[in-house]
Every structure is written in structure tokens, then in C-alpha cells.
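Chemist: Let's see this in three dimensions:
(2 chains)
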There are 2 protein chains.
Amino acid sequence: MDGIAYLVGVDGGGTKTLVRLASLHGKTLGQASGPGSALRNGAAHAWRVIGRTIEASFAAAGLKRPADQALAVGIGIAGENVAQWSADFRTMAPAFGALDIVNDGVATLLGAHGGAPGAIVAVGTGTIGLALDIDGSRRVVDGWGFPSGDDGSGGWMGLRALHHAQLALDGRSPRGPLADAVLALCRAELPAHPGQPARDERATLLDWLSQADQAAFARAARPVVAQAANDEAARAILQAAAAEISLMIATLDPAQRLPLALCGGLAAALQAYLDPRQQARIVAPQADAVDGALLLAQRALQAKETPA
Amino acid sequence: MDGIAYLVGVDGGGTKTLVRLASLHGKTLGQASGPGSALRNGAAHAWRVIGRTIEASFAAAGLKRPADQALAVGIGIAGENVAQWSADFRTMAPAFGALDIVNDGVATLLGAHGGAPGAIVAVGTGTIGLALDIDGSRRVVDGWGFPSGDDGSGGWMGLRALHHAQLALDGRSPRGPLADAVLALCRAELPAHPGQPARDERATLLDWLSQADQAAFARAARPVVAQAANDEAARAILQAAAAEISLMIATLDPAQRLPLALCGGLAAALQAYLDPRQQARIVAPQADAVDGALLLAQRALQAKETPA
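Modeler: The predicted structure is shown next:
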């Protein structure tokens, strides 16, 4: 046969790339993580990060990395829903033994409900909601990307945190712990410029903003979560984010008949702010997006072995 | 002497660059406009656009463009408030006979009140509010840039228009004329991809969004203004923008003692949505930002002729 020896699952998000290596029987052998590989930053960059992280997963398993042809690879990656980015990414793919590529939200859905009907809202750097209904129909909400979409996400919250700090510095709103925490984050992330006078607060924000991308704004969601107990503005941002997630849940599953999983790095922080009836419906995901990607790899391998 | 023969005023905005050429006595000789030159897109690009537009202003005046040394140049440019961008821009400046560079908002303030105390809010692709008070104190609100700031601006409105279209396409909100108009704009701006099937609505938005910058979002403010009479969501965006402008006005001039000018391409559309008492306070600007930049050029020339 074609000598495929390993399954590789890849979850390529905006701030982190996770790779899990498994045997053909699905036994986990090793795992590694790398920086973000969202397609927004280019297909070449994504493949570079993914290649290195696959390498690292073999190292973590204490195995020699075989040739690409020996790997059945499933990839869930942020930005796959943009046609041009997806086409670029597919064109540059290595010659894996088997390969399937989906949006990272789809991999999260596959993992959360083991491929069975269900709904997810994944809230990390970005946000997407997906449902696979009992009748086989699929629904999607958001996943529109930064800055106009991904409601309730880390990028979305960070954008609001920066906006709040801007209002506070201008004297357009009172200044509290959130504004201070945002300024501290910006100051810590800016490179020093030796020999020049220290930046004042306005220059600190402007310098940080001039280079800020979605991942940078998503980092500014941390002070929002951290200050929610102390600062009304931080609490209001979390409440508004939860309201967006609630609307997504209601739109994805109006009949309220699907198991619903809240996934991603901000799920835990947001869950407490949801409507109690929605909270009661939430189930823990069966597995994560990397396991969803491994399921995809397994299916790609099967499709190859039993051509239609 | 140093042979300066002309004054040149430059207003470098996010979507348009305007150059006015004047004699040393302030008589306008010619004018030309070019594409945007905001520093966000790089100092080299800004200088290229400015250089060509100065060239064109001499052509419009029917004059031969003299050497750089013969020009006293005043420039108000978007993004000058970001220290690094400003430093890059100044480093690459041609050897003009005299030169002064300020933020485009400062040039607007200079033009609007002839250098005298007053306040402005400039609402175009971006938004900034500035006041020069009777006691000589200066205040600034916003000008934080896209996407976290520039409240009420074209970019700000367009971001909300796209967000509305996204909700409508997902079924998270009702769909009306604004969503249709936004989709039509995106479809018209996307290049055709011959030989491939036509993009569906979701792909149309995602493709447009994947390449959208501040100027692109500012173009999406047009359907907001155009649909305000027909669509509640469009009207709500304009009302929210006006509320942001109102807050800026109140913060810039809490004692309500300064003449206040509303400037920029969206001033007229927003003025009608302001509080009637604020509307009553608004004065027409004495002159525009290019005239403010010419005033700057004149001052730079005087400073050169009468060293301290």
C-alpha cells in the first residue's frame, strides 16, 4: 500500500498551533505546540509553523520523523473560510500520504461531539459557532474575522479594552483599574527605545496600536478577565461578549435540541456570564479540536484506502 | 537669501491628499489632489504621493516646478501622532527650503480658526478633536486610529455597517436595505475571478473583509448615510456616531466658550444628528486644512527668515 504509518492532527489557531501525533489505531504518541498559524498571515507562514510543530511532535514522541508520504494529516485552521487564503494554502501543501483541511471551527465541532450532531461556539482569538443538526443540515454564525466580526472573542474584547483606555486617557470616561492594566500591558509589550525619553501614556498607546494585529488585541482580553471583579468597564465588556455568545447559541439551535459545547480559551471565563438556562444546556466537549483534526486524518486515510 | 519662491500646503488624509500652491503673499496659484497618504501605509508611500501631488499642483498653475529649495512646505498628515511613523517620515523628507509637519487635525484646527483659539472635530476616514483654548492650553480627543478608535469616523461607521451585514447573513438580525447595500458595495469592489463560479454572499463578504483596511471600511460608510432614511440599522449607526462626536465636543470644551467647527467629509451628514444646542454652537470653518497647512508653511518661512 502507500505506507501511511501515522495520523497527525493539527489545530491552527490565531495565537497557537497544536499538533497531536497518533498511531493508525488512534493511540496518542506525542504532542507539540507552536505559534499561531492563521491563514491571515499567509499560507507560507502557516506551513512553516505547521511543519516545525509536526517535527516537534515526533521529537516529543521520541520518534524519527518519516517522509511526508507516511503521514495522514487532518488540519483545522483559522481563515480556511476565506476562499483565496484556502486556495493558497492547499496549493502549497506538502505531499502527505493523505490530507484533509477544514476551518478550525469544523475541527472543534468534530472533536466536541465525536462527529455526531451537536453545536459548538468556539471563543478564542476569534469566534465561530457551528451546528450539525440531526437532519444533517449545517449552520454557521460569525467566523467573519477581525476587526468587524468574531464577536465576543479575545480580539473583540481586547478592541473594547483598548477603546476604554483611550476614552479614559482623553477624559471622555472615568479611569479605573482596567485602563491602568491595559496601559501596563502596552508598556510591557513595547520595545525600549534607548537614548530617547520615556513614552508618555498617549505615546505608549499610540505606539502599541500602530503595530497591533488580532493576536495583540486578543492579548488585551486578559486584563478584561483579570479586572472583572474590580472594574465596571471590564465587567461590562465580559457581559456584552456573553450576550453575543448567547445570540449565537440561540441562532445555531433555535429548537434547543442539540448538545452544545462552549470551546476555546475564553469559554470558561464567559460561561458564568451566560443566561442560566443556556448554562444548564452546556455539555463538556468530548475531545478538543486536535482530536477533531485526528478524526479528519483518519477519515482521509480511509477514503484513500477505499476509493468510491 | 535662500530663494524660497512658493508656499505649499499639504493635507494628507486617509483617502485623499490635497495640495495647494500659493505665492509668498498667500495668493492661491494652483491645486491638485491625489490618493491617501496616511503614514499608516509607510513614509515612502506618503512622500511618493505628496511629491506627485505637489508636481500636479504646479502643472495646474501652469508653472514649472522649481527645485525643492524654492518651496516652503507645511504638511498636516494622518498618523503624525505615532512617534515612529513621524520619525520615519521626517527622516525621508526632501530638502525643502522650509518645512513644518503636524498631524492633519492640527492643520484643520489652524485653518478653521485662522490660528486663533477654537475647537474642531474632524470626521473623515478617521476622527480627531482638538482645542486651542483662550489660555493657550491644548486638548485632544481621539485620533487613536483604526480599528479601536476614530469614533464616529467613516472607518468606524463602515466597521459597524459590515458587522450589521454579517449579523443579517447569519440570521442573527433581520435583513434590510443596509445589508443589501453593503453586499452590493463588496461585490462591486471585488475583482472578478474568471472561470470560477460566482461567489455566494458569505464568500463575497469574507473575500472583501480579508483585504479591507481603514480606507475600505470608510467607503462602507457611504451606504450608511445613503440608507439612513430607509433602514433603522443605518440610522442607529449615524445616531451612535453623532453621540460619539457630542461626547468629544463636551470633553474638548466643557465651559462651552470656544467657537466650534465640525470639519471633514462626514461633518455635514453627522451635524443633523447632534444635540440641537450643540448644533447651534457650530460655526463654519474659516478655511480648510490645506489653508491651515499653508499657514504653517508661511510660519516656517518666517521662522527661517528671522532666526531666534
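Chemist: Just confirm yes or no for the helix or strand bottoming out on mean pLDDT in chain A near chain B.
Modeler: Sorted by mean pLDDT, DSSP states H and E, the helices and strands of chain A end with helix A:276-281, the least confident at a mean of 91. No. Using CB under 8 Å from any CB of the partner chain, helix A:276-281 never reaches chain B; the gap is at least 15.3 Å. Placement of C-beta: from N, CA and C, glycine included.
Chemist: Could you pull out the buried residues of the very next helix or strand once past that helix?
Modeler: Next helix or strand after helix A:276-281 toward the C-terminus (DSSP states H and E): helix A:289-305. For helix A:289-305, the neighbour count (16 or more other CB atoms under 10 Å in any protein chain shown) marks A:289-301 as buried.
Chemist: so where is the stretch 1-150 of chain A shaky, pLDDT-wise?
Modeler: Applying pLDDT under 70 to the stretch 1-150 of chain A picks out residues A:1-2.
Chemist: who in it is up against chain B?
Modeler: Counting by CB under 8 Å from any CB, the stretch 1-150 of chain A sits next to chain B at A:40, A:79, A:81-85, A:140-142, A:144-145, A:147-149.
Chemist: picking that back up, farthest pair within the buried residues of helix A:289-305?
Modeler: A:A289 and A:L301 (18.8 Å; CB to CB).
Chemist: Please, where are all the strands along chain A?
Modeler: In chain A, the strands defined using DSSP state E lie at A:6-12, A:16-23, A:28-35, A:71-77, A:98-103, A:118-123, A:127-132, A:138-142, A:260-263.
Chemist: List the neighbouring strands of the third one plus their orientation.
Modeler: When pairing is defined by DSSP bridges, strand A:28-35 lines up against strand A:16-23 (antiparallel).
Chemist: what's the domain layout of chain A?
Modeler: Residue ranges for the domains of chain A, per automatic domain parsing: A:6-114+A:286-305, A:154-281.
Chemist: right, so the ones you listed: which one is the most enclosed?
Modeler: domain A:6-114+A:286-305 (a mean of 21; mean count of other CB atoms under 10 Å in any protein chain shown).
Chemist: Save the buried residues of helix A:289-305 as a markdown table, and put in distance to B:A215 and pLDDT too.
Modeler: Putting those into a markdown table (distance: CB to CB, whole Å; pLDDT from 0 to 100) gives the following:
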| residue | distance to B:A215 | pLDDT |
| --- | --- | --- |
| A:A289 | 35 | 94 |
| A:V290 | 39 | 97 |
| A:D291 | 42 | 96 |
| A:G292 | 38 | 96 |
| A:A293 | 37 | 97 |
| A:L294 | 43 | 97 |
| A:L295 | 42 | 95 |
| A:L296 | 39 | 96 |
| A:A297 | 42 | 97 |
| A:Q298 | 46 | 95 |
| A:R299 | 43 | 94 |
| A:A300 | 41 | 95 |
| A:L301 | 47 | 95 |
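Chemist: So which of these is the closest to B:T53?
Modeler: Nearest to B:T53 out of those is A:A289 (CB to CB; 50.0 Å).
Chemist: my read: the closest one touches A:I77, true?
Modeler: No. A:A289 is not in contact with A:I77 according to CB atoms under 8 Å; the separation is 10.1 Å.
Chemist: shared neighbours of the two, anything?
Modeler: Residues touching both A:A289 and A:I77 (CB atoms under 8 Å, 6 or more residues apart in numbering or on different chains) are A:D104.
Chemist: separation between A:D291 and chain B?
Modeler: For A:D291, the distance to chain B equals 27 Å [CB to the nearest CB, to the nearest Å].
Chemist: Show the pLDDT at the closest residue to A:G118 other than its chain neighbours.
Modeler: Among residues not flanking A:G118 along the chain, A:P259 sits closest, at 4.5 Å (CB to CB, 6 or more residues apart in numbering or on different chains). Note on A:P259: pLDDT of 95.
Chemist: list the contacts for A:P259?
Modeler: Neighbour list for A:P259: A:H113, A:P117, A:G118, A:A119, A:V283 [criterion: CB under 8 Å, 6+ apart].
Chemist: of all the residues you listed, which comes closest to chain B?
Modeler: Closest to chain B out of the contacts of A:P259 is A:A119 (13.7 Å), distances taken as CB to the nearest CB.
Chemist: Quickly list what the closest one is bridged to.
Modeler: Beta bridges link A:A119 to A:A131, A:L260 when assigned by DSSP bridges.
Chemist: Distance-wise, check the residue lying closest to A:Q227 once chain neighbours are set aside relative to A:P223.
Modeler: Nearest residue to A:Q227, sequence neighbours excluded (CB to CB, 6+ apart): A:A234, at 4.0 Å. Distance of A:A234 to A:P223, computed by CB to CB, to the nearest Å: 7 Å.
Chemist: okay, and the common contacts of these two?
Modeler: A:A161, A:L178.
Chemist: show me the contacts for the spatially closest residue to A:M92 that is not a sequence neighbour.
Modeler: Once flanking residues are discounted, A:M92 sits nearest to A:A43: 5.1 Å by CB to CB, 6+ apart. Contact analysis of A:A43 by CB under 8 Å, 6+ apart lists A:W85, A:D88, A:F89, A:T91, A:M92.
Chemist: swap the cut-off to 10 Å and go again
Modeler: A:37, A:77, A:79, A:84-93 (CB atoms under 10 Å, 6 or more residues apart in numbering or on different chains).
Chemist: Over to A:D213?
Modeler: Counting by CB under 10 Å, 6+ apart, A:D213 makes contact with A:G14, A:G36, A:A38, A:R40, A:N41, A:F146, A:P147, A:G155.
Chemist: ok, the residues you listed vs chain B, which is closest?
Modeler: Chain B lies nearest to A:P147 out of the contacts of A:D213, by CB to the nearest CB, at 3.9 Å.
Chemist: what about that closest one, neighbour count?
Modeler: Using other CB atoms under 10 Å in any protein chain shown, A:P147 has 23 other residues around it.
Chemist: how close does the residue lying closest to it once chain neighbours are set aside get to B:L99?
Modeler: Closest residue to A:P147 apart from its sequence neighbours, by CB to CB, 6+ apart: B:P147 at 3.9 Å. For B:P147, the distance to B:L99 (CB to CB) stands at 32 Å.
Chemist: what separates A:F58 from A:L21, distance-wise?
Modeler: 6 Å.
Chemist: Quick one: the helices in the stretch 51-200 of chain A, in order.
Modeler: Ranges of helices within the stretch 51-200 of chain A are A:83-91, A:104-112, A:154-170, A:177-189, based on DSSP state H, counting those that start in this stretch.
Chemist: Next, give phi and psi for the residue of chain A positioned farthest from its centre.
Modeler: Most distant residue from the mean C-alpha position of chain A: A:G195, 39.2 Å away (CA atoms, centre = their mean). As for A:G195, its main-chain torsions (degrees, to the nearest 10) stand at phi 80, psi -10.
Chemist: which residues touch A:A289?
Modeler: A:A289 makes contacts with A:9-13, A:18, A:20, A:76, A:104-112, A:120, A:122, A:124, A:263-264, as judged by CB under 10 Å, 6+ apart.
Chemist: can you check A:V73 too?
Modeler: A:V73 is in contact with A:4, A:6-10, A:19, A:50, A:54, A:93-94, A:96-101, A:293-294, A:296-297, A:300-301, counting by CB under 10 Å, 6+ apart.
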